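> Return atomic coordinates for the entry below.
(one chain, ligands or ions: 1)
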Amino acid sequence: RTDASLYQELGAKQGISDLMAVFVLEIAQDERVIHHFDNVDIDRFHRMLSQHLCELTGGPCEYTGADMVEVHTGMAITRAEFNAIVEDLITAMEKEGIAVSTQNRLLAILAEFHGEIVGQ
Ligand code: HEM
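Have a look, this model is predicted:
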């Protein structure tokens, strides 16, 4: 578990929730990946993303959602799709005015999920 500084830099629970709301809107407009989300419960998706990010960045949350490998298995997510999602997150972070140094700290954490998500 990391220290909570990244969690604070992202604006704690409210900042993370706002960021994930913008991120979900970016995904919804992204033709490269939207087909994966046809039957997804968006409220739950937003809630689980926020909880996951809160925990990963050292915040006072416990992620209660699905295991990363299990939930993405069967989607056959490509490297290009993974990168598209990363771009959507960067766009969301820019829109939320998050400092580039903070953006890079978050991206470094998420990059570690590559192997659990791509090609499952
Ligand atoms: C660092 C990369 C990623 C992380 C950390 C991540 C994280 C998550 C989390 C926390 C959930 C919620 C699980 C739950 O509801 O219990 C989820 C669901 C989902 N993810 Fe990802 N994800 C990543 C990349 C991707 C990519 C690249 C795609 C597709 C292009 C994708 C597609 C989905 C879909 C469609 C769901 C909803 C599954 C469902 O509700 O049935 N994810 N992801």
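> secondary structure element for the residue lying closest to Gly65 once chain neighbours are set aside?
Spatial nearest neighbour of Gly65, chain neighbours left out: Met48 (3.8 Å); criterion: Cβ to Cβ, 6 or more residues apart in numbering. From N, CA and C alone the C-beta is placed, and that goes for glycine too. Element membership for Met48 (DSSP states H and E) is helix 42-56.
> From the contact counts, what lies against that helix?
The helices and strands touching helix 42-56, judged by 3 or more Cβ pairs under 8 Å, 6 or more residues apart in numbering; DSSP states H and E, are helix 12-28.
> where in this protein is pLDDT low?
Residue ranges of the chain with pLDDT under 70: 1-2.
> For it, which segments count as helices?
Taking DSSP state H to define them, one finds helices in the chain at 5-9, 12-28, 42-56, 68-72, 79-95, 100-111, 114-117.
> so what's the nearest residue to Asp88 once chain neighbours are set aside up against?
Excluding its sequence neighbours, the residue lying closest to Asp88 (Cβ to Cβ, 6+ apart) is Glu26, at 4.0 Å. Shown in contact with Glu26 (Cβ atoms under 8 Å, 6 or more residues apart in numbering): Asp88, Leu89, Thr91, Ala92.
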